[in-house]
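K.L.:
Dropping a prediction and its sequence here:
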Amino acid sequence: FAQSLHDNYGVTDVNLGLIDVSVGGTMIEQWVQNETLQLFCKETKCPDMACGGLYNGLVASYLNMTIKAMLWYQGENNVYETPGSWVNFTGYGCMQPFMQRQWRSQWSVTPSTTSATAPFGLVTLAAGTDEGHGANMA
């Protein structure tokens, strides 16, 4: 990703650092602050022991750093849930934008650090394939 920014977009005048906090086989509920997701979105797995665990262990420790952008790839572990919608506060359609707003808000608490509108790239599953999940693919 960083190499493509350099090669394809001419980003050469700044240092690029990537923070990798990826963990395979996880659900989005694990990547938000404890006890917050179910307050806004319906049909989540929270509250549960796993909710917020990866946020606490891998994300929160970086909140005091200034970042310029975020890149998110969820993978397939929420594919069997209702896709949902931001409009009716259900499913992944509610949880992903909630997490995005939460992360932006928490990283920008200190003025003149991370922008409250920092770019948030969202990598999705490949269109036109079922990734082994058949009818559960949106």
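P.N.:
The structure has been received and is ready for your questions. Values in this document were obtained by computation on a predicted structure and should not be read as measured data.

K.L.:
All the strands of the chain, residue numbers only.
P.N.:
70-73, 120-123 (DSSP state E).

K.L.:
Make JSON lines out of the ones you listed and add mean neighbour count and mean pLDDT.
P.N.:
Every residue, glycine included, has its C-beta placed from N, CA and C. As requested, those are arranged in JSON lines below (neighbours: other C-beta atoms under 10 Å; pLDDT from 0 to 100):
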{"stretch": "strand 70-73", "mean neighbour count": "13", "mean pLDDT": "87"}
{"stretch": "strand 120-123", "mean neighbour count": "12", "mean pLDDT": "86"}
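
K.L.:
and the ones you listed as CSV, adding distance to Leu37?
P.N.:
Listed next are the strands of the chain as CSV, based on distance: least, C-beta to C-beta, whole Å:
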stretch, distance to Leu37
strand 70-73, 15
strand 120-123, 17
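
K.L.:
could you point out where the protein is predicted with low confidence?
P.N.:
75-76, 125-138 (pLDDT under 70).

K.L.:
what's around the residue lying closest to Ala50 once chain neighbours are set aside, how many residues?
P.N.:
Distances taken as C-beta to C-beta, 6 or more residues apart in numbering put Gln30 closest to Ala50, at 5.4 Å, once the chain neighbours are dropped. Using other C-beta atoms under 10 Å, Gln30 has 22 other residues around it.

K.L.:
list the contacts for Gln30?
P.N.:
Neighbouring residues of Gln30 by C-beta atoms under 8 Å, 6 or more residues apart in numbering: Val23, Ala50, Cys51, Gly52, Gly53, Leu54, Tyr55.
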